[in-house]
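**Student:** next one to model:
(chains A, B, C and D)
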Number of protein chains: 4
Amino acid sequence: MILQFKSGTSEEILLKVEQKLATEGIRSVRSSETHRPILAAVDSVSPTLLQEIFDTTDELERIVTPEGPWKQVDRSFREGPTIVEIGDLKIGEGQPCAIIGGPCSVEGRAPVLEVANEVQAAGAHMLRGGAFKPRTSPYAFQGYGVEGLRQLKDAGEAVGLPVVSEIMDASHLPAFLDVDIDCLQIGARNMQNFTLLKAVGKAGIPVLLKRGLSATVKEWLLAAEYLMAGGCEQIMLCERGIRTFETATRNTLDLTVLPLLRQWTHLPIVVDPAHAAGIANIIPTLARASVAAGADGITVEVHLDPKRARSDGPQALSPGDLKRIVAEARIISALF
Amino acid sequence: MILQFKSGTSEEILLKVEQKLATEGIRSVRSSETHRPILAAVDSVSPTLLQEIFDTTDELERIVTPEGPWKQVDRSFREGPTIVEIGDLKIGEGQPCAIIGGPCSVEGRAPVLEVANEVQAAGAHMLRGGAFKPRTSPYAFQGYGVEGLRQLKDAGEAVGLPVVSEIMDASHLPAFLDVDIDCLQIGARNMQNFTLLKAVGKAGIPVLLKRGLSATVKEWLLAAEYLMAGGCEQIMLCERGIRTFETATRNTLDLTVLPLLRQWTHLPIVVDPAHAAGIANIIPTLARASVAAGADGITVEVHLDPKRARSDGPQALSPGDLKRIVAEARIISALF
Amino acid sequence: MILQFKSGTSEEILLKVEQKLATEGIRSVRSSETHRPILAAVDSVSPTLLQEIFDTTDELERIVTPEGPWKQVDRSFREGPTIVEIGDLKIGEGQPCAIIGGPCSVEGRAPVLEVANEVQAAGAHMLRGGAFKPRTSPYAFQGYGVEGLRQLKDAGEAVGLPVVSEIMDASHLPAFLDVDIDCLQIGARNMQNFTLLKAVGKAGIPVLLKRGLSATVKEWLLAAEYLMAGGCEQIMLCERGIRTFETATRNTLDLTVLPLLRQWTHLPIVVDPAHAAGIANIIPTLARASVAAGADGITVEVHLDPKRARSDGPQALSPGDLKRIVAEARIISALF
Amino acid sequence: MILQFKSGTSEEILLKVEQKLATEGIRSVRSSETHRPILAAVDSVSPTLLQEIFDTTDELERIVTPEGPWKQVDRSFREGPTIVEIGDLKIGEGQPCAIIGGPCSVEGRAPVLEVANEVQAAGAHMLRGGAFKPRTSPYAFQGYGVEGLRQLKDAGEAVGLPVVSEIMDASHLPAFLDVDIDCLQIGARNMQNFTLLKAVGKAGIPVLLKRGLSATVKEWLLAAEYLMAGGCEQIMLCERGIRTFETATRNTLDLTVLPLLRQWTHLPIVVDPAHAAGIANIIPTLARASVAAGADGITVEVHLDPKRARSDGPQALSPGDLKRIVAEARIISALF
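**Tutor:** Numbering: from 1, shown residues only, chains lettered A, B, ... in the order given. Alright, predicted model coming up:
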């Protein structure tokens, strides 16, 4: 239950309400929203108690019951949409669609710099690249680790783009902080790695939270709630396709939930059409559809020679494709 | 295997090839394409036989192996995209996106006329309405049958729009022909009702073929192949959401397959975002995304008083929503 | 809502209650149960009306609200389990597990007789065989139709077994009646072919109703409700695997719902492990697990030379496998 | 590719083959099987190279290509089934079915001891209990951590049963080792937590590896391969229901894959019917079906007062249910 107070409600009244809740064993958390005080009651509030709170004050303006068991990620926990800021880049509702591009895996200092140059030239806004790779087989290339992180960051700095990279384990966090990675990606397979979510929530860096392969919207928003419960407010949800019976494509991109998420949460929504498709030549069209569905950002994999990619080659785009995505996103983004 | 011959290849050579195939027990079918002769070998052709055919003639220009077991619906079985023509309305690749609107069920002469007026005023291109309703429960409203068909057709004529209505059983076909319904819809639950497919394929009327609730693209294209094998060439494929684990929406709209279908088949693709969503207020955004993904048409349900709808009220749009969909489809359709 | 009256409640009282309901526009239906009168209210009954009914009589013993929107198939609509009787064969809770075997398709008079002999020798209780075949591709073998039905029935009579065969369309029903087929099978793809369900419900023959490829238990029970609403009481539900993301097996056999169905419905439950598995050598083990899960019957495909089968060869069993299934079913069936 | 050598093949020949492979850049690993030497080539081997190896020696008896990309978990990598040994308890093909029971969460010293007594009295073989709990919501009870581990172990020792508990993060491993937990459980949500798999693979303790919510058999076996690649040989695969469209049950227990796993891998298979069902009163029947499908072990949750359970109460069994499961497993286990 979210309690929205009138703008200018005194700290005294808020404390009273918080105490009232605490006395009944109900945990509450305060929004960082500055336009007006907003409180989320974490545990369930009985109608009687709610009446008592109403009787205490007439500063309580509106009570919102979220559509699911989440609290802080609910649309009503903030006055407007969350805008994630990474350097000068702003991602969220009302902002131009942000394009993130880069190699699936960082494959060395020279290759990543080369791709970075193309990504920047294509007009994209952030550089991506995997250094710690979650691979289905233990015998597959596992990424260059810390060294790869450093190469990615250097490439980003060289072309003037912030960088995002996947973190697979809480114990790797110091390395990400050390290299000054601009945004942490939590992968689909780790969406419910709760130890990781708790650690990353406290890291003070923006997070790109991918949806799990078969995660419901409810589970996904609760994973984001773990991050917010840890103190992180700069979170982007990333739809990347869900697992269904259909095998013609690698996964099924679930754009159906985008307009729903817009209503349910204040968090920005990014779409990764590449992992959903698994086939390079349909990705630009899916990117376009994603922007039309309301995506605040698009993330894709770019490789200068997809056939030689050390991972996910079949879904890697050329710099030309990326340029097309940037252009089409700009057009559609401006329309609606 | 699709055999594309040079333009101007003589009938004699074609007959020779067909005979060659027949001798080996291989069924073949000829495309109605006029730019050049195209043959589909229905059964599998051995490399040896293929070589023999090559040796027979140098008019055979190109051999295409479809991505799946379908033949006539394959992109290569025609020179360009199939354009479905219903009166003056043209639906298919390169045409403006066609908008189909109307009530879920025809609910009487006056109501359907009222909706028809709004649908026409909103700028939509075809009127839809169910007279035979496939309902999960035997106790639910089953539609007005033939009487409803007549009311729908009359409403369409009154406002100058062609009409489409669902046919549930082969035995109802005479009634649809009698009323002169412009387009037959085969519903998701009947996508693999093969007796129905065979009958409808011979009816000589355009068909809107909905994808089954859990039909793969392969099964869907083979259902369309049943129609083509019966002689029907005017077929629209209609994506309407697939069944997945996600329960936040009624189904999951599978836009991922749209650009793939564009590559695999010459048939037009229509999207029904309403049955996928199940929630009215996210439908216009999904319609927009569908057009951006390449939809040649959009079909939605419109009701003047959704709360009183006799079926599918929660996903019925207002005439205002329909107007918005028409406008946005026009804009995006023109862009790409 | 199901109303169970005390044994011996007078016809007068029942008529009064039925009238009361009818006056409020509520349809009701009476159970054929002989131990006590049972009524199902088809439409929803308000608490006020329920109280009024209670006030009318003290013969109303128990009110049951089914777990879903079904009525007549609910466990509470009968005193005990439904036992389907086909000749001397009895299928249902408390009866020995019935084994149904036979070819996927009837492939001629001699072959089906040959298989029938083996099926009978293996100790199975019913002969199956497809004459009208629902095939994904229009170019695949579609079955021998009426001729095949006749061959199947003759084979059954020759070896003394009742026969079951799939009916694909309402218009074929006279042929099935003409040949005196003992049990009609409604296939997975036709589970929601409502025209077929209505026709078959009135045919007066036992029905084996397969679960749709992605049908929920609710939809499946409502399909059975269509049959009961038509007058058919001799219905067997047949679980045959559902469509999931897993591709190692053809489908996923959903044994999880068996004990649930036992609680929810009085109808017998048959399992078809073959279509779920799609691989012959795992079928006997799955049959055994099905019986342990409570299956009242098992249906499998048997072929004397699986590699030459005209359909579904990879999942056809040998007579030896069938013998093993009969034996193991007998043992487990006797245990619990 | 798995290379099985004749029993008694000399170390010299093995080294030669390994060197040959290494020269071509092909990694290989040797089975711990004692009856005969077995090598797995991790990378793909060309037919030419294979021929060269054959020419080198006639001690190479049989070459097996696994059904998927796994190596060490393949059935052919050992002579017979792997038997996991935990104290005197033996789990695997040919052994009596092992029953694992205990509370979902350890809820304190006294409660866990109380349950342990019942579990032991019911005839079960191992005690389970969660101390680190993966919870969908950050506000839900997260378990008692290390303290809970200690209480579980003490309870196990008091009643003479080994204990198994879920590990959620590699950093917690020292605590599990310190308390001397007998078996580590990797939960469904962590099946592809590769950092965890690598750490646990080196811990030297038996592992119960749950299948991910939507993990294919291939991904699941590759997760086990991570463990084996780390040096762990004592692995049990645990089927616990997969995520499907069906909502009548919490998940769908996939028994279809059990007989397939038996053919594909030498590892023991345990089934957790409780998380699949989510409803207590259908669990014993599912346990029985699981044993009939070939399960080497069953794991269920037991609580003395399910309504007061701090997690997963609706699927907790009573000690009486557990007793029934133990008895029925014994009977069926002995039959086949």
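
**Student:** how much space between the residue lying farthest from the centre of chain A and chain C?
**Tutor:** Most distant from the centre of chain A: A:D55, at 39.3 Å, with distances by C-alpha atoms, centre = their mean. Here A:D55 is placed at a distance of 32 Å from chain C (C-beta to the nearest C-beta, to the nearest Å). The C-beta positions use only the backbone N, C-alpha and C, and glycine is treated the same way.

**Student:** pull the number of nearby residues for A:Q51.
**Tutor:** Look at A:Q51: counted by other C-beta atoms under 10 Å in any protein chain shown, it has 10 neighbours.

**Student:** can you tell me how far it is from A:S10?
**Tutor:** Remark: distance between A:Q51 and A:S10 (C-beta to C-beta, to the nearest Å) = 21 Å.

**Student:** now swap in A:G143 and tell me
**Tutor:** Distance, A:G143 to A:S10, by C-beta to C-beta: 53 Å.

**Student:** what about the two, which has more around it?
**Tutor:** Neighbour tally, A:G143 and A:S10, criterion other C-beta under 10 Å: the higher count belongs to A:G143, 25 against 12.

**Student:** the residue nearest to that one when sequence neighbours are not counted in helix, strand or coil?
**Tutor:** Distances taken as C-beta to C-beta, 6 or more residues apart in numbering or on different chains put A:K133 closest to A:G143, at 3.7 Å, once the chain neighbours are dropped. The three-state label for A:K133, taken from DSSP: H, G, I helix; E, B strand; the rest coil, comes out as coil.

**Student:** quick one: the strands in the stretch 201-336 of chain A, in order.
**Tutor:** A:207-210, A:235-239, A:269-271, A:297-301 (DSSP state E, counting those that start in this stretch).

**Student:** the ones you listed: which one's closest to C:F176?
**Tutor:** Judged by C-beta to C-beta, the one of the strands of the stretch 201-336 of chain A that comes nearest to C:F176 is strand A:235-239, at 49.1 Å.

**Student:** ok so, going back, quick check, the residue nearest to A:G143 in contact with A:F141.
**Tutor:** Yes. Counting by C-beta atoms under 8 Å, A:K133 touches A:F141, with 6.7 Å between them.

**Student:** mutual contacts of these two, please.
**Tutor:** Residues touching both A:K133 and A:F141 by C-beta atoms under 8 Å, 6 or more residues apart in numbering or on different chains: A:105, A:311.

**Student:** settle it for me: which of those two has more neighbours?
**Tutor:** A:K133 (22 against 12).

**Student:** let me see the contact set for the more buried one.
**Tutor:** Neighbouring residues of A:K133 by C-beta under 8 Å, 6+ apart: A:105, A:140-143, A:166, A:311.

**Student:** okay, now A:A224: neighbour count?
**Tutor:** When neighbours are counted by other C-beta under 10 Å, A:A224 registers 25.

**Student:** next one: phi and psi at the residue nearest to it when sequence neighbours are not counted?
**Tutor:** Take A:A224 and drop its neighbours on the chain: the residue closest to it by C-beta to C-beta, 6+ apart is A:V73, 4.8 Å away. When quoted as degrees, to the nearest 10, the phi and psi of A:V73 stand at phi -80, psi -10.

**Student:** per-residue pLDDT, A:V73?
**Tutor:** For A:V73, the pLDDT comes out at 98.
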